[in-house]
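1. I need the structure of the sequence given here:
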Amino acid sequence: MLGKQWAWGLLRRRDFRNLWVAQTVSVVGSQLTSVALPLTAVLTLSATPFEMGVLGAAANTPMLLGGLFAGVWVDRLRRRPILIVADLGQALLLATIPLAAFLGLLRIEMLYAIAFLAGTLKLFFDVAVTSYLPVLVRREELAEGNSKLQLSHSAADVTGPGIAGGLVQLIGAPFVLLLDALSFFVSAAFLRRIRSPEPAPLRMHRQNVWREIADGLRLVWEQPVLRAMTLATGVGSLGNSMQQTVLVLYVVRELGVTPALLGVIFAAGGAAALVGAALASPIERWQGPGPALVWGQLVIAGGCLFLAAAAGPLAVAVPLLLLAHILRGSGMTLFSVNQITLRQAITPAQLLGRVNATRRVVVFGVVPLGALLGGALGGSIGLRPTLLVGAGVIMLAFALIVFSRLRTLRQLPPMAGTAPLDASP
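-> Numbering: from 1, shown residues only. You can find the predicted model right below:
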């Protein structure tokens, strides 16, 4: 059981508490948008399947096109102003949708543009917030800070879609986006209350953007811990995307699971993610950061194997599906919190934005490939065999962790050197 002292811990500090509240409000608002924006397209604009595909692509393209560039700018500027501007920009963008709907001016092309611009601002926020935490907490407190921030994400994953669906039913999809806009204003207000001084970023003698991107990529590749974590996370993301592509088809068509029951299974995974986030810091202190990653990846792999093993009558398949999602949910947050902590502890402040962005580009960049592979395999070898192949890919991610120096890493390693950079204060 977590002690009362840990449960509060960093939340007793005003500046960390402001960051935690700001991110919590922002994440809940983003969950509202993830449901309300596509429903606006469907219910208000009668969007076609092709238009829905374009809308989804518009929201996700910024990561692939601009992820590495976002890392450069996050390293060139102070992070807190980036967070505030990203919040305010998303608020203004989303507020135009209900206004346009009220005036009868809303068009699908407008949703494309807003989805792309809001996705770009969200990219900057996500890269900057991970890079900003080391300013507010000591190195040995990073695991606790990341654990508490991850709790916000997990709680939003559990409650956000249900709240958003109810609000869409009550007030309509475009006007739910107005609530999201308000949430970003609230987030910006809490960020403005942070008083801890943020060191000025180092001025780079070398201002070529491509060289700065290369510095981040080089550090990720040359530093063994960063390399192992990035490769394992990318491979795991590929396998997970393959499984998720065919999962709903398999459990609904071949197992006969009803939509309501499927919702319960997904909710169990979300609740387990809360547990994994809460336990991440205590496990890191008990076992060390490396073994915590090994345990997290092992639990994920076990859950994915149970997912592929689910078969037969519902009385047999449903418990296996529940177990699979509980393991995957808890393992993913346990792994995520500790790999973020290690990345922050190893990476010099002037490179942290680029290293965070590199990791995001790798992880999210393989998702479309995994979806294509999963769909192709599902059509050629069948849905359950595809789940098994995806589980095999995730076992490979586990092997990349086990056969690296992470397995024996009991303490936070020293910060990586900055030889590739020519920097001055």
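2. quick one: contacts for Trp73?
-> 82, 124, 353 (C-beta atoms under 8 Å, 6 or more residues apart in numbering). Glycine gets a C-beta too; all of them are placed from N, C-alpha and C.
3. what do you get for Ser196?
-> Contact criterion C-beta under 8 Å, 6+ apart gives 15, 135-136 as the residues in contact with Ser196.
4. how near is it to Ile401?
-> Using C-beta to C-beta, to the nearest Å, one gets 34 Å for the distance from Ser196 to Ile401.
5. can you check Ser26 too?
-> Plainly put, Ser26 is 30 Å away from Ile401 if you go by C-beta to C-beta.
6. higher neighbour count, these two?
-> With neighbours defined as other C-beta atoms under 10 Å, Ser26 and Ile401 compare such that Ser26 has more, 29 against 26.
7. Next one: that one from Thr333, what distance?
-> For Ser26, the distance to Thr333 equals 18 Å [C-beta to C-beta].
8. Give me the lowest-pLDDT entry from the contacts of Ser196.
-> When the contacts of Ser196 are sorted by pLDDT, the bottom entry is Val135 at 84.
9. quick one: buried residues of the host helix or strand of that residue?
-> Val135 is part of helix 108-136, with elements assigned from DSSP states H and E. Judged by neighbour count (16 or more other C-beta atoms under 10 Å), helix 108-136 contains these buried residues: 108, 111-112, 114-136.
10. low-confidence ranges in the chain?
-> 1-8, 49, 53, 157-162, 164-165, 202-207, 259, 263, 416-425 (pLDDT under 70).
11. Could you name the helices and strands sitting against the top helix by length along it?
-> Ranked by residue count, the top helix of the chain under DSSP state H comes out as helix 314-346. For helix 314-346, the packing partners by 3 or more C-beta pairs under 8 Å, 6 or more residues apart in numbering; DSSP states H and E come out as helix 108-136, helix 142-171, helix 224-249, helix 259-287, helix 289-309, helix 352-380.
12. 6 Å - rerun?
-> In terms of contact count using 3 or more C-beta pairs under 6 Å, 6 or more residues apart in numbering; DSSP states H and E, helix 314-346 is assigned the packing partners helix 142-171, helix 259-287, helix 289-309.
13. Identify the residues contacting the last one?
-> Going back to what we said before, that points to helix 289-309. Residues from elsewhere that reach helix 289-309 (C-beta atoms under 6 Å, 6 or more residues apart in numbering): 283-284, 320, 323-324, 327-328, 331-332, 334-335, 338, 342, 387-388, 391, 394-395, 398, 401, 406-407, 409.
14. Can you check what angle separates that helix from helix 259-287?
-> Our comparison of helix 289-309 with helix 259-287, counting by axes from the mean of the first three to the mean of the last three C-alpha atoms, to 10 degrees, yields an angle of 160 degrees.
15. again with the first one
-> Relative orientation of helix 142-171 and helix 259-287, computed by the same axes, to 10 degrees: 160 degrees.
16. which of the residues in the helix or strand just after helix 142-171 are buried?
-> Tracing the chain past helix 142-171, the next element assigned as helix or strand by DSSP H and E is helix 173-192. When neighbours are counted by 16+ other C-beta under 10 Å, the buried residues of helix 173-192 are found to be 173-181, 183-191.
17. Show me the chain divided up by domain.
-> Domain assignment for the chain by automatic domain parsing gives 12-191, 208-409.
18. got the end-to-end distance for the shortest one?
-> Think domain 12-191. Distance between the two ends of domain 12-191: 16 Å, counting by C-alpha to C-alpha, to the nearest Å.
19. now that domain: how far from the chain's centre is it?
-> Averaging C-alpha positions (C-alpha atoms, centre = their mean, to the nearest Å) puts domain 12-191 12 Å from its chain's average.
20. Now do the buried residues in stretch 217-237.
-> 217-220, 223, 225-226, 228-237.
21. quick one: the nearest residue to Val54 once chain neighbours are set aside and Ala47, what's the gap?
-> Beyond its immediate neighbours in the sequence, the residue positioned closest to Val54 (C-beta to C-beta, 6 or more residues apart in numbering) is Tyr112, lying 6.2 Å away. As for Tyr112, its distance to Ala47 is 10 Å (criterion: C-beta to C-beta).
22. for Leu255, what are its contacts?
-> Contacts of Leu255 (C-beta under 6 Å, 6+ apart): Ala317.
23. let's go with 7 Å and repeat that
-> Residues counted as contacts of Leu255 (C-beta atoms under 7 Å, 6 or more residues apart in numbering) are 310, 314, 317.
24. Over to Leu372?
-> Residues in contact with Leu372 (C-beta under 7 Å, 6+ apart): none are found.
25. please begin residue numbering at 628 from this point
-> All right, first residue 628 from here; so that's Leu999.
26. Next one: it relative to Gly1006, how far apart?
-> Leu999 is 11 Å from Gly1006, where distance means C-beta to C-beta.
27. Can you classify Met1022 as helix, strand or coil?
-> Going by DSSP: H, G, I helix; E, B strand; the rest coil, the secondary structure assigned to Met1022 is helix.
28. How about Arg1037?
-> coil.
29. quick one, what contacts it?
-> The neighbourhood of Arg1037, defined by C-beta under 7 Å, 6+ apart, consists of 915, 917.
30. cutoff 6 Å now
-> Gly915.
31. What does it show for phi and psi?
-> Listed backbone geometry of Arg1037 is phi -90, psi -20, with angles given as degrees, to the nearest 10.
32. Same question for Leu882.
-> phi -100, psi -20.
33. Glu938 belongs to a strand?
-> One thing to correct before we go on: residue 938 is Ala, not Glu. No. According to three-state DSSP, Ala938 belongs to no strand; its state is coil.
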